[in-house]
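Novice: Just to be clear, the model below is a prediction. Sequence and coordinates:
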Amino acid sequence: MARRVKIAAAQLGPLNRSDSRAAAVKRLIALMREAHARGARFVVFPELALTTFFPRWWIADQDEVDRRYFETAMPSPDTQALFDEGRRLGIGYYLGYAEIADVHGRLRRFNTAILVGPDGSIVGKYRKVHLPGHAEHKPQAAFQHLEKKYFEVGDLGFRVWRYLDTITGMLICNDRRWPEAFRVLALQGAEIVALGFNTPTENLHYPEPPALRVHHHLIMAQSMAFQNATWLVETAKCGVEDGFRMFGHSLIVAPSGEIAAKSTTEDDEVICFDCDIDLAQNLKRTMFDFAAHRRPEHYRLIVERVGAEVTPANEPRQPHAGETASGAGVSSRV
Ligand code: CDV
């Protein structure tokens with residue numbers, strides 16, 4: 001019998017700096033109730049869903065950042081009501097937040113997402129790996145993107161969990177631009193990938209039409225879902241937050257690469273789709289039968305090299321660690 005899970009993307013409109021955690025949690029609960037009323041068993045909330053997108057500001061006082069924007073416990077007194085309501089409704093969810101963890105006596109800060117089961121237990125945790133932006137203050141810029149200042153690179157890797165009779169993985173925002181992240185999840189059998197995001201409408205680095213940014217968001221989601229034969233749920237926090245606009249376009253994408261549901265506002269909005277988890281079986285058995293068709297012996301550069309280097313095939317190059325001279329010598333032999 002086909003496995004079906006009705007999944008919701010619970011998009012949040014702006015959360016301003018003046019909004020309390022309690023106000024954010026109240027809105028998340030309202031979205032959760034709506035998703036449940038529409039039959040959803042799994043709700044995907046956005047990245048950093050409890051506060052404004054604070055990496056847009058340079059804040060010198062780390063104590064202030066910690067106090068205003070980070071969670072030291074999950075659930076916390078402020079978020080307990082969300083956990084209670086999720087358990088009462090018997091609904092699972094993905095929730096993004098800023099985490100301070102005490103790791104062997106050292107405080108470490110991560111951009112984190114958790115997967116919470118219908119019984120209210122935390123099933124899985126992911127800490128964002130691809131941190132965009134910069135660590136230094138750019139006073140001339142219209143806004144900052146200081147994820148590299150406020151967060152460390154996640155230390156938990158890309159993982160999947162058995163969840164609601166599926167195999168579910170988590171990513172966060174900028175990860176959606178990196179095919180490697182999806183492929184690592186797909187290689188562990190991912191059937192659903194959940195991802196929350198906050199994406200400014202304006203490009204910090206160079207002028208770019210907002211429509212083009214949305215275009216990139218859509219084509220990435222469609223190709224990542226198809227090439228990895230997985231359902232993909234991407235949920236925005238969006239709208240004009242403290243004067244800075246972020247786009248919506250929350251999505252549920254089928255393993256066929258088709259957009260099954262998409263938000264139409266830049267405000268609080270629930271979109272839902274009844275996902276046939278086995279829809280990808282044919283694809284996984286044929287075109288994307290990894291065991292039959294992948295050629296990792298030709299993919300070594302993906303893990304051995306970080307930045308691009310120009311290495312023309314007709315110029316000699318030094319062998320990389322672990323690579324035989326003959327393996328490296330493709331160029332010298334042609
Ligand atoms: N929160 C993010 O990771 N945002 C990035 C922006 C900076 C481009 C994104 O990839 O959407």
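Specialist: Happy to help now that I have it.
Novice: any idea how far Gln140 is from the residue of the stretch 201-334 of the chain found nearest the ligand?
Specialist: Across the stretch 201-334 of the chain, the shortest distance to the ligand (CB to the nearest ligand atom) belongs to Leu204, at 6.8 Å. Where you see a C-beta, it was placed from the backbone N, CA and C, and this is true even at glycine. For Leu204, the distance to Gln140 equals 11 Å [CB to CB, to the nearest Å].
Novice: The two: which is more packed in?
Specialist: Leu204 (16 against 5; other CB atoms under 10 Å).
Novice: Isn't the more buried one up against His145?
Specialist: Yes - in this structure, Leu204 is within contact of His145 by CB atoms under 8 Å, at 5.4 Å.
Novice: shared neighbours of these two, anything?
Specialist: Residues touching both Leu204 and His145 by CB atoms under 8 Å, 6 or more residues apart in numbering: Gly133.
Novice: For the residue of the stretch 201-334 of the chain closest to the ligand, give me phi and psi.
Specialist: phi -70, psi -30 (degrees, to the nearest 10).
Novice: Next, the contact list for it, please.
Specialist: With CB under 8 Å, 6+ apart, Leu204 has these contacts: 133, 141-145.
Novice: how many other residues sit next to Leu195?
Specialist: Neighbours of Leu195 using other CB under 10 Å come to 29.
Novice: can I assume it sits in a helix?
Specialist: No - under DSSP: H, G, I helix; E, B strand; the rest coil, Leu195 sits outside any helix and is assigned strand.
Novice: Quick check: bridge partners of it?
Specialist: On the basis of DSSP bridges, Leu195 is bridged to Leu171, Glu234.
Novice: So it sits against Trp231, correct?
Specialist: No - in this structure, Leu195 is not within contact of Trp231 by CB under 8 Å, at 11.3 Å.
Novice: Need the phi and psi values for Ala8.
Specialist: phi -120, psi 140.
Novice: list the contacts for the residue nearest to Gly169 when sequence neighbours are not counted?
Specialist: Nearest residue to Gly169 in three dimensions, chain neighbours excluded: Leu185, at 3.8 Å (CB to CB, 6 or more residues apart in numbering). Contacts for Leu185 were tallied using CB under 8 Å, 6+ apart; they are 158-160, 169, 171, 193, 228, 230.
Novice: Dump the contacts of Leu204 into a markdown table; add distance to Asp276 as well.
Specialist: Output for the contacts of Leu204, formatted as a markdown table (distance: CB to CB, whole Å):
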| residue | distance to Asp276 |
| --- | --- |
| Gly133 | 38 |
| Ala141 | 45 |
| Ala142 | 44 |
| Phe143 | 41 |
| Gln144 | 42 |
| His145 | 38 |
